[in-house]
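In: below is the sequence, then the predicted model.
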Amino acid sequence: MDDLRDKYLTAIATAADEATLEDLRVAAVGKKGEVSLQMRELGKMTPEERQAAGPKLNALKDEINSALSAKKAALEDAALDARLAQEWLDVTLPARQTPQGTIHPVSQVTEEVTAILADMGFAVAEGPQIETDWYNFDALNIPSHHPARTEMDTFYMARADGDNRPPHVLRTHTSPVQIRSMQDHGAPIRIICPGRVYRADYDQTHTPMFHQVEGLAIDKDISMANLKWVLEEFFSAFFGTSVKTRFRASHFPFTEPSAEVDIQCSWEGGTVKVGEGDGWLEVLGSGMVHPKVLEAGGIDPAQWQGFAFGMGIDRMAMLKYGIPDLRAFFDSDLRWLRHYGFSALQVPTLHGGL
Ligand code: PHE
């Protein structure tokens, strides 16, 4: 009996896992286990023998059972310790980074321009980028013989033989949206139209696709004075400092009179600073909408008049954020985008800074 005791207590003490422990339980105190079999033998013994062996066997059975449950508890504790050691979590670690894109300077500046002019009551209008030559030219008082048609380096859409739809172009400016807005809504009008325009041109400050924003205000007594006020308010809000403007007489077929507008700037060490110094930088074309243009839009020039302006968005982005080369805007180089991109849209308002 002592042999059995040593055998099982040692085996239980050194069991490596719960499965081994269960095997030992079956082998010792299971129905056909060694201890159980010996207990069955008690029936064949004399009362004296039984009195001596019985209590010992019962004690052995109890001892083995409690060794089994003690070991089982120890194994469970060890398993839990091992899991805890493996699955620990360092709550002081920094959060994992999720890669985020950036907002392109053109998108940023479009939003900025739109927010400022929306504050002044201009609604956003849109038009197609593939335009008929009527909207892009004729309606804007640029007849087919007019030199402006060739000066603008227009992209014409190819036409199949027998296609007798009107000729289409990639719009060379956002001005056709003036006509579309007049036709759609009539007077009075106060809209801006930001969007893509196309001209066959490529160098440090020109790309074949670029962005403009058109402004158009038509009412009973709109004048150049309103135009000047709107532009000065706009530039001051956009650049965050008061900016003087200079109007130079110019010529556009669709405005009369016409003016090119310069903004005040300084040129120091090759960098342009807007809103200081006594230099000037040309930034947009503008004027009073030509009567023929109002007529083309279905508006009576005897009753209504207004101003229009057209400005380069990419140009504004280059000036405000010191970006030297326009071509890089459209290269999709991630390093450039990370450097010049914006993390979240933050738009200035007319009277409240950023
Ligand atoms: N459409 C002209 C251009 O692209 C700009 C402009 C718009 C001028 C409106 C006058 C009025 O150069």
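Out: Thanks, I have it. Residues are numbered from 1 along each chain as shown.

In: can we go C-alpha only for contacts and neighbour counts from here?
Out: OK.

In: so where's the protein uncertain?
Out: Across the chain, residues meeting the criterion (pLDDT under 70) sit at 151, 344-354.

In: for it, which strand is longest?
Out: strand 255-268 (DSSP state E).

In: partner strands of the helix or strand just after that strand, with direction?
Out: In the C-terminal direction, the helix or strand that comes right after strand 255-268 (DSSP states H and E) is strand 271-274. Its sheet considered, strand 271-274 pairs with strand 255-268 (antiparallel) by DSSP bridges.

In: K32: neighbour count?
Out: 13 (other CA atoms under 10 Å).

In: need the three-state assignment for the closest residue to it other than its chain neighbours.
Out: Of all residues not flanking K32 in the chain, V26 sits nearest, at 7.5 Å (CA to CA, 6 or more residues apart in numbering). At V26 the chain is in helix, as set by DSSP: H, G, I helix; E, B strand; the rest coil.

In: and for V26, the neighbour number?
Out: There are 14 residues near V26, going by other CA under 10 Å.

In: repeat for R190
Out: Counted with other CA under 10 Å, R190 comes out at 22.

In: now swap in the one 10 residues further on and tell me
Out: Using other CA under 10 Å, the number of residues around A200 comes to 13.

In: show me which residues of this protein sit near the ligand.
Out: Contact residues (CA under 6 Å from any ligand atom) of the chain with the ligand: 173, 175, 255, 285-287, 308-310.

In: keep only those of those residues that are in strands.
Out: 255, 285-287, 308-310.

In: and of those residues, the nearest to M157?
Out: The shortest gap between M157 and any of those belongs to G310, at 23.9 Å (CA to CA).

In: run through the bridge partners of that closest one.
Out: E214, G285.

In: so what's it up against?
Out: 174-175, 212-215, 284-286 (CA atoms under 8 Å, 6 or more residues apart in numbering).

In: scan these and report the most crowded one.
Out: Within the contacts of G310, neighbour counts (other CA under 10 Å) peak at S286, which reaches 30 neighbours.

In: need the contact list for that one.
Out: Contacts for S286 (CA under 8 Å, 6+ apart) come out as 255, 258-261, 307-310.

In: leaving out sequence neighbours, find the closest residue to it.
Out: Nearest one to S286, counting by CA to CA, 6+ apart, is F309 at 4.0 Å.

In: so what's that neighbour up against?
Out: So F309 contacts 214-216, 284-287 (CA under 8 Å, 6+ apart).

In: check I12 too.
Out: 21, 24, 67-68, 71.

In: how far away is H290 from D138?
Out: 13 Å (CA to CA, to the nearest Å).

In: sorry, that was for E22
Out: Where D138 is concerned, E22 sits at a distance of 96 Å (CA to CA).

In: give me the more crowded residue out of the two.
Out: Using other CA under 10 Å, the more surrounded residue of E22 and D138 is D138, with 19 against 16.

In: contact partners for that one?
Out: Applying CA under 8 Å, 6+ apart to D138 gives the contacts S144.

In: likewise for G279?
Out: 264-267.

In: repeat for S36
Out: S36 neighbours (CA under 8 Å, 6+ apart): 28-30.

In: surely it is in a helix?
Out: Yes. Using three-state DSSP, the assignment for S36 is a helix.

In: number the chain from 31, please
Out: Will do, 31 is the new start, and the previous item becomes S66.

In: among the ones in strands among the residues of the chain next to the ligand, which one sits closest to G131?
Out: G340 (30.2 Å).
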